[in-house]
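Peer 1: got a predicted model here, sequence first, then my questions.
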Amino acid sequence: MACAYHHSDYFNRKTSSIQIKRNEKKGKFEIILHNDPIEERFACDKCINEKEPLCAKFCLKGAITYDPEGE
Ligand code: SF4
């Protein structure tokens, strides 16, 4: 939701660059990065105008983190 807001100033998970899906068969989570501007799925721009990536900043469980020293 934070990613969608970053791109379009409204909350709509369908416009987020990032999607997290649960793979029931593998018992794992998958992170999908989208890039389809025609469908308003913009590529991740690393939150270029923010102090830190919003997906990490607002990840309540800490699953997504940001290391300003790393890439
Ligand atoms: S860094 Fe920003 S643009 Fe990239 S996935 Fe996270 S919230 Fe979206």
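Peer 2: Sure, I can see it.
Peer 1: just give the nearest non-adjacent residue to the residue nearest in space to the middle of the chain, would you?
Peer 2: Among the residues of the chain, the one closest to the centroid is Ile18, at 3.4 Å (CA atoms, centre = their mean). Nearest in space to Ile18, with sequence neighbours left out and distances taken as CB to CB, 6 or more residues apart in numbering, is Cys3 at 5.3 Å. C-beta coordinates here come from the backbone N, C-alpha and C atoms, glycine included.
Peer 1: thinking again about what came up before, surely the residue nearest to the centre of the chain meets Cys55?
Peer 2: Yes: with contact defined as CB atoms under 8 Å, Ile18 reaches Cys55; the gap is 5.7 Å.
Peer 1: need the overlap of contacts for those two.
Peer 2: Cys3 (CB atoms under 8 Å, 6 or more residues apart in numbering).
Peer 1: quick one, helices of the protein?
Peer 2: All helices of the chain, identified by DSSP state H, fall at 2-8, 54-57.
Peer 1: so Glu52 sits against Tyr66, correct?
Peer 2: Yes: if you go by CB under 8 Å, Glu52 and Tyr66 touch, sitting 5.1 Å apart.
Peer 1: looking at these two, which one has more neighbours?
Peer 2: Tyr66 (15 against 11; other CB atoms under 10 Å).
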